[in-house]
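Colleague: everything below, folded, please.
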Amino acid sequence: MTVKNIALCAGGYTGEYEVSINSAKNIAANLDPAKYKVYTVLINRDSWFHDTGHEHISIDKNDFSLTIKGEKIKFDFAFITVHGTPGEDGKLQGYLDMMGVPYNTCDATTSAITMNKAYTKTIVHGIHGLHAARSMQLHRKDGHDVATIAANLKFPLFIKPNNGGSSVGMSKVHNIAGLPEAIEKAFHEDDQVLVEEFIKGREFSRGIARIKGKITVLPGTEIISTKEFFDYEAKYTPGVSHEITPADLSPEKSDEIAEILTEIYLRLNCKGMVRIDFILLDDTQDFYFIEVNTTPGQSSASLIPQQVRAAGMDLMEFYGDLIEGAF
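Modeller: Next up is the predicted model:
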């Protein structure tokens, strides 16, 4: 059996750099050393390099290769675990497509579209059983009349960067007075901002992946936050939110959700593993779509590894299947 050279791409240009590094460590620990030789490639704005432990060796971006002690190493596969840009928004995928290197995530088009919350909602609209919060999209260069927003949408409102990952720049606003500051905070993160009505219900996140050619929906996780909403602090500070995997759902409800998630995966032409966040409305249990994460966190405490374990699957086998499936 030929051992494949894997470029484990981590880092990125956002505040989620450290989260990505933790994901990479866990993935590296769970890739079968008999099948894969793993080289962690750290992606920064000014350099892409492999850290041998003794030195930083630059990646040759002309052919996506690495030269160690005179030996040129070409990669058979890229395992992307960069959250935000350039690993989640299609830029890295486009580059790898041009280099002819297969990878574990959605393609460049799907990655770019799903980073944009408003565009994603438009595409999944009409899926049977799927609802989405009423919303408005704001662009930095246009005027932002708070009176118009208040007239069209019901408070409380969520204000969030349209392309942001990890809930940075998000606010919950209860009246018109809070809108200007919240909008400014979101525009600090992005040129487009999404204002949407608050949906009151239980919040869930559920992984879905194509394994051995078959779309597999993992057990769900319910997220119970002590904060008013699941923001960056709630997501990454121990004890602020409580995660229950597998989530307490009836088998019928779980199957119904799995059907909706499968339809989202197919309609967006997803590849590899993605994680879909949604809310079940308090009174009706209706499914409200939040977003798709195309490079979900992979630290040992992250939701997908939790869900893989809850499904009785082996994480090493799961990652191996993602790699083999991309070939």
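
Colleague: for the rest of this, base every contact and every neighbour count on C-alpha atoms.
Modeller: Fine.

Colleague: mind listing the strands for the stretch 101-250 of the chain?
Modeller: Taking DSSP state E, counting those that start in this stretch to define them, one finds strands in the stretch 101-250 of the chain at 130-132, 135-139, 157-161, 171-173, 192-197, 201-211, 214-225, 241-244.

Colleague: want to throw those strands into CSV with distance to residue 258, mean pLDDT and mean neighbour count?
Modeller: Converted to CSV, the strands of the stretch 101-250 of the chain look like this (distance: least, CA to CA, whole Å; pLDDT from 0 to 100; neighbours: other CA atoms under 10 Å):
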stretch, distance to residue 258, mean pLDDT, mean neighbour count
strand 130-132, 12, 96, 20
strand 135-139, 25, 91, 17
strand 157-161, 26, 90, 26
strand 171-173, 29, 91, 21
strand 192-197, 25, 91, 24
strand 201-211, 9, 96, 21
strand 214-225, 6, 95, 20
strand 241-244, 18, 88, 16
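
Colleague: hmm, who's touching the helix or strand hosting residue 292?
Modeller: In the assignment (DSSP states H and E), residue 292 maps to strand 287-293. Strand 287-293 is touched from outside by 114-115, 117, 120-121, 129-133, 199, 257, 274-281, with contacts defined as CA atoms under 8 Å, 6 or more residues apart in numbering.

Colleague: who does whichever helix or strand comes after it touch, helix- and strand-wise?
Modeller: Sequence order places helix 303-310 as the next helix or strand after strand 287-293, per DSSP H and E. Applying 3 or more CA pairs under 8 Å, 6 or more residues apart in numbering; DSSP states H and E, we find helix 303-310 packed against strand 201-211, strand 214-225, helix 315-326.

Colleague: which one, of the ones you listed, ends up nearest to residue 23?
Modeller: Among these, the nearest to residue 23 by CA to CA is helix 315-326 (12.4 Å).

Colleague: the closest one vs strand 214-225, what angle?
Modeller: 130 degrees (axes from the mean of the first three to the mean of the last three CA atoms, to 10 degrees).

Colleague: OK, contacts around residue 43?
Modeller: 9, 10, 11, 12, 13, 49.

Colleague: please report how far residue 1 lies from residue 35.
Modeller: 8 Å (CA to CA, to the nearest Å).

Colleague: more neighbours: the two, which one.
Modeller: Neighbours were counted for residue 1 and for residue 35 using other CA atoms under 10 Å; residue 35 has more, 14 against 5.
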